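S.K.: Here's a sequence, model it:
(2 chains, ligands or ions: 2)
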Amino acid sequence: MASRLRVNPIMCEAHGLCAELLPELIRLDDWGYPIIDEAEIPRELLGLARKAADACPTLALLVDEDR
Amino acid sequence: MTGPQGLPRLLAGLHADGSPMTLADHRRVHGDLRRTQPAELIQAIDLAGLRGRGGADFPTARKLRAVAERRRAAVVVNASETEPASGKDKLLLSRMPHLVLDGAVLAAGAVGAREVIIKLGEGAHESLAGIEGALAVRDGDPVSFKFALGPDRYVAGEESAVIHFLNGGQAKPTLVPPRPYERGYQGRPTLVQNPETLAQAALIARYGANWFREIGTDADPGSALVTITGAVRAPGVYELAFGTPISDLLAAAGGSTEPLQALLVGGYFGTWVEATRALGLRLSREDLRSVGCSLGSGVLIALGESACGLHESARVIRYLADESAGQCGPCVFGLRAIADATAGLAEGVAHARERDRLLRWTSEVRGRGACHHPNGAARFIESALEVFSADIDWHQSQRCTARPVGLPLGGPAPDVRHALMEAG
Ligand SMILES: Cc1cc2nc3c(=O)[nH]c(=O)nc-3n(C[C@H](O)[C@H](O)[C@H](O)COP(=O)(O)O)c2cc1C
Ligand code: SF4
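M.R.: Numbering: from 1, shown residues only, chains lettered A, B, ... in the order given. Ligands and ions are numbered 1, 2, ... in the order given. From the prediction side, this is the model:
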């Protein structure tokens, strides 16, 4: 199984950094909250996904690593 | 002891005068509680095909097994009954508390729990009185019972919200996993079950899986408690066999007070179905799924021709938006926008194209809350837009003069006026 991208909606405060850093997988809704249409992270985007997760000010973006 | 033939089952022995069944009444109808080996009980519940009656429709045996294989378990009776129109849990707790308590004791035995916590809404005075009265006369139960009274808010009945509240937090959902069966009350693996599920389990423990399957359908065995309200002569809680035609259910509730235009199946997380279609369906998962709905917590609301489905839906979605726990952006802002737009369509002040934006929002909020609140609200409004679509156009040019039918919006469960049974 591939690693997966997930948002903790309780923590998320719509900073929107994730959509800037990872537009391939994340877009924003009308209120600035992230929408992830496809949770599976393609291998080549895994590094960027981890960076985006680290950059989230509220640590609301989660990468569930494939194990 | 052989089980009741046909119906009623859960409601067997119910007193017509509204008084609770005493322990003696209960034993006369159902006999003593027999000790059952955990594995045997779970097996019987599995063979019976019992599924949760709190709305999520999850196979009960699977949950029991998941908790049983962990250590230091606890059991929570989720008697929050936050669905505004629902009255079944209140009926069980206030009138036949021993059946629910039997179920809780059996479930605790099955998962190795010593403690049962009964979670009620603050306004549930009759339920609390029923359970307290029952506990005062029971002895020899191998578990300790505790109560918790939480806020009467819609999402407060969601299981992670129940656990969070019991652990000293606010009655708001938490991010799952961990689910309650993994880490729940005091961090322990916790079985959370609806009172009706437990009452059904108590009957299965006594009479067996084959008896349970004597009524209902192969896919949906047994009986269910259904709260039917709205434009019917005798609104109330009825016990019916799965597979009963919805038209029979309406007849059991005294028939409709006027020609019907639609039925809301499954409460406020449910689905509007046009009356002509709904009346051709049976009360079964298969039939209900064919029109995109499920029984949810067992609430059916009949809407008469004289009512305005669009306005009623606008009121309900406003209620659901206001009931958001306020934690997740898509739920807070999404449901508010959906409620505003629906009100706009009902008032005829929004362009009919607003419908398309609404549908985009409903698809976008799905799955983006910590709990299923946005999903249920989205499903509700999508069905409203479909079933009342002609009304949307009509409201653009005409003034709607329909009067509100007064759907219950919040507060403790309504009084159960009729608790009659009809054989399915
Ligand atoms: C917003 C929301 C509110 C809920 N309210 C209730 C409730 O009042 N009572 C209940 O039994 N289940 C309620 N549920 C379902 C519970 O989360 C859980 O699935 C149920 O209590 C499990 O018991 P069961 O398997 O016996 O149905 C609610 C779910 C959601 C998403
Ligand atoms: S989805 Fe809504 S109701 Fe559920 S936890 Fe989030 S804010 Fe609360």
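S.K.: Can you pull out the low-pLDDT segments for chain B?
M.R.: B:411-424 (pLDDT under 70).
S.K.: Please tell me how far whatever residue of it ends up closest to ligand 2 sits from B:Ser86.
M.R.: Closest to ligand 2 within chain B is B:Gly369: 2.1 Å, counting by CB to the nearest ligand atom. All C-beta spots, glycine's among them, are computed from the backbone N, C-alpha and C. Distance, B:Gly369 to B:Ser86, using CB to CB, to the nearest Å: 22 Å.
S.K.: Repeat that for B:Ala134.
M.R.: Separation of B:Ala134 from B:Ser86 (CB to CB): 21 Å.
S.K.: The two: which has the busier surroundings?
M.R.: B:Ser86 (27 against 24; other CB atoms under 10 Å in any protein chain shown).
S.K.: In the stretch 301-424 of chain B, mark out all the strands, start to finish.
M.R.: Here the stretch 301-424 of chain B has no strands by DSSP state E, counting those that start in this stretch.
S.K.: Taking it, what residue is nearest to ligand 1?
M.R.: B:His372 (3.9 Å).
S.K.: neighbours of that residue, just the number please.
M.R.: When neighbours are counted by other CB under 10 Å, B:His372 comes out with 18.
S.K.: surely it meets B:Glu159?
M.R.: No - applying CB atoms under 8 Å as the test, B:His372 and B:Glu159 come out as separate, 10.4 Å apart.
S.K.: quick one: the closest residue to B:Gly367 other than its chain neighbours and chain A, what's the gap?
M.R.: Excluding the flanking residues, the one nearest B:Gly367 by CB to CB, 6 or more residues apart in numbering or on different chains is B:Asn375, at 6.5 Å. B:Asn375 is 12 Å from chain A, where distance means CB to the nearest CB, to the nearest Å.
S.K.: what do you get for B:Leu279?
M.R.: In this view, B:Leu279 and chain A are 39 Å apart by CB to the nearest CB.
S.K.: Could you do B:Leu92 as well?
M.R.: When B:Leu92 is compared with chain A (using CB to the nearest CB), they lie 33 Å apart.
S.K.: Identify the residues contacting the closest residue to B:Phe388 other than its chain neighbours.
M.R.: For B:Phe388, ignoring the flanking residues on the chain, the nearest one in space by CB to CB, 6+ apart is B:Gly309 at 4.1 Å. By CB atoms under 8 Å, 6 or more residues apart in numbering or on different chains, the contact list for B:Gly309 reads B:261-262, B:272, B:303, B:384, B:387-388, B:391.
S.K.: Could you measure from B:Gly309 over to B:Ile228?
M.R.: B:Gly309 is 18 Å from B:Ile228, by CB to CB.
S.K.: just for chain A, where's the confidence low?
M.R.: Looking at chain A by pLDDT under 70, you get A:67.
S.K.: In it, which residue sits nearest ligand 2?
M.R.: Closest residue of chain A to ligand 2, CB to the nearest ligand atom: A:Pro9 (5.8 Å).
S.K.: Give the full set of residues in contact with the most far-flung residue of chain B relative to its centre.
M.R.: Here chain B reaches farthest from its C-alpha mean at B:Ser397, the gap being 38.3 Å by CA atoms, centre = their mean. By CB under 8 Å, 6+ apart, the contact set of B:Ser397 is B:Gly348.
S.K.: The lengthiest helix in chain A vs chain B: in contact?
M.R.: Using DSSP state H, we find that the single longest helix of chain A is helix A:46-55. No - applying CB under 8 Å from any CB of the partner chain, one finds helix A:46-55 separated from chain B by no less than 15.2 Å.
S.K.: buried ones in that helix?
M.R.: A:46, A:49-50, A:52-53 (16 or more other CB atoms under 10 Å in any protein chain shown).
S.K.: Now the closest residue to ligand 1 within the stretch 151-300 of chain B. Nearest residue, chain neighbours left out?
M.R.: As assessed by CB to the nearest ligand atom, ligand 1 sits closest to B:Gly157 within the stretch 151-300 of chain B, at 2.3 Å. In space, B:Gly157 comes closest to B:Ser80 once its chain neighbours are excluded; the distance is 3.3 Å by CB to CB, 6+ apart.
S.K.: Please look at that neighbour and B:Ala156 and confirm they touch.
M.R.: Yes - assessed by CB under 8 Å, B:Ser80 is found in contact with B:Ala156 at 5.9 Å.
S.K.: what touches both of the two?
M.R.: B:121, B:150, B:162.
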